[in-house]
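Colleague: Sequence first, then the predicted structure, then my questions.
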Amino acid sequence: MDTLVFDSDDLDAAEEWLSRTYAKIRIGSRSPDAGRIRIRRDALTAVTADRLDIRLEMTYDVAPLGRVSVCCMHSGTLRDHTFPGVEDAYGPGEVGTLAPPHLPYSGRICDNAQYTIALLEPGLLAQVAETAPQRRPQPVRLTWHRPHSPAAAQHLRHSVLYVRDHIMSVPVVTEQPLVVATAVQHLAATVLAAFPNTALTDPTGPDRNDAHPTTLRRAIAYIDGHADQPISVADIADAAHVTIRALQYAFRRHLDTTPLAHLRRVRLSHAHQDLVAASPCGGVTVTEIAARWGFFHPGRFAAHYRGAYGRTPLQTLAEV
């Protein structure tokens with residue numbers, strides 16, 4: 001994980017730093033007194049989370065970011081926020097995208113704004129969904145900048161802040177590749193669930209034809225052989241030689257579950273085996289074993305484990 005920090009009242013220095021860190025940007029301020037600009041960036045592969053604290057009124061004019069940008073406002077406002085075809089404003093507690101990856105945007109930061117921006121590589125969306133069949137596969141893209149409901153916005157906000165505070169900010173956690181991969185895929189899936197988008201989730205006729213037991217066997221074999229590696233639903237679909245939609249339909253049709261839920265069960269079984277096999281004097285913890293198998297939320301791991309084994313992970317470890 002990489003962390004960058006900027007803290008200054010020099011607008012020229014801020015513009016230069018932002019241009020290097022985001023995209024080409026021009027900023028300005030009419031405030032009579034200089035205010036501070038504080039930014040912290042934590043970065044994982046394909047995802048960054050930036051905490052911004054802007055203590056002055058400031059205009060911004062930003063070139064296309066080339067990434068999916070999710071903004072979570074904590075205090076203050078972004079006013080006159082504009083990109084081609086849209087003008088909006090974001091206030092405390094609101095969530096939205098700054099602009100599509102290929103478009104520039106501009107606006108004003110007011111009222112001592114504090115907010116978080118999560119940036120995702122657009123290709124992450126294709127790891128969890130895909131568009132309708134095309135002669136040339138099309139990237140998955142968001143079709144509106146606001147979540148489709150307050151509940152979706154709240155869930156996305158919670159996911160962004162959890163990844164920022166409990167994954168990116170904890171070095172020992174970011175050293176676990178399965179945790180990182182699982183958290184990033186979860187965030188990408190949450191973004192797609194929150195915003196209107198071009199992903200096609202209902203299986204087509206060919207997808208239904210491909211959702212046969214052979215597809216399921218290939219997928220399960222791939223999951224069993226790669227559960228200790230960072231794999232996505234797209235990887236599983238490729239291994240089964242079908243689309244993501246066909247893969248999801250096959251699991252729903254034959255097992256009444258999803259590919260990622262089955263992957264979670266397989267990893268949960270490995271975690272259970274590690275808990276049972278742990279040495280009494282080894283000093284291993286439930287959190288370490290959970291992270292080893294990609295479980296980044298301790299409470300959810302404990303709930304999944306209790307549901308599968310009728311006891312808590314700690315109880316299993318204590319019985320060793």
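Modeller: Yep, that arrived. Numbers count the residues shown, from 1 in each chain.
Colleague: and the residue lying closest to R26 once chain neighbours are set aside, what are its bridge partners?
Modeller: Leaving aside its sequence neighbours, R26 sits nearest to D61 (CB to CB, 6 or more residues apart in numbering; 4.5 Å). Every C-beta, even on glycine, is put in place using the N, C-alpha and C of the backbone. Bridge pairing for D61 (DSSP bridges) gives the partners R26, S106.
Colleague: Is it correct that D61 is in contact with A99?
Modeller: No: between D61 and A99 there is no contact under CB atoms under 8 Å: 11.7 Å.
Colleague: of those two, who's got more company?
Modeller: Taking other CB atoms under 10 Å, D61 and A99 do not tie; A99 has more neighbours (21 against 14).
Colleague: quick one: the residue nearest to R26 and N209, what's the gap?
Modeller: According to CB to CB, to the nearest Å, D61 and N209 sit 51 Å apart.
Colleague: same thing with I37?
Modeller: Applying CB to CB, one obtains 56 Å for the distance of I37 from N209.
Colleague: So those two - more neighbours on which side?
Modeller: Using other CB under 10 Å as the criterion, I37 and N209 rank with I37 on top: 25 against 12.
Colleague: didn't that one look like it was pressed against F6?
Modeller: Yes: counting by CB under 8 Å, F6 is a contact partner of I37 at 6.8 Å.
Colleague: shared neighbours, these two?
Modeller: The contact sets of I37 and F6 overlap at A14 (CB atoms under 8 Å, 6 or more residues apart in numbering).
Colleague: Secondary structure element for the most centrally placed residue in the chain, which one?
Modeller: In the chain, the C-alpha nearest the mean C-alpha coordinate belongs to L187, at 2.1 Å (CA atoms, centre = their mean). In the assignment (DSSP states H and E), L187 maps to helix 177-194.
Colleague: okay, and for the protein, where does confidence drop off?
Modeller: Applying pLDDT under 70 to the chain flags the ranges 1, 32-33, 133-137, 280, 320.
Colleague: That one: helices as residue ranges?
Modeller: Assigned by DSSP state H, the helices in the chain fall at 11-21, 150-162, 171-174, 177-194, 205-210, 213-226, 233-240, 244-255, 259-277, 286-292, 298-309, 313-318.
Colleague: Any idea which of those gets closest to P92?
Modeller: P92 lies closest to helix 150-162 among the helices of the chain, at 11.5 Å (CB to CB).
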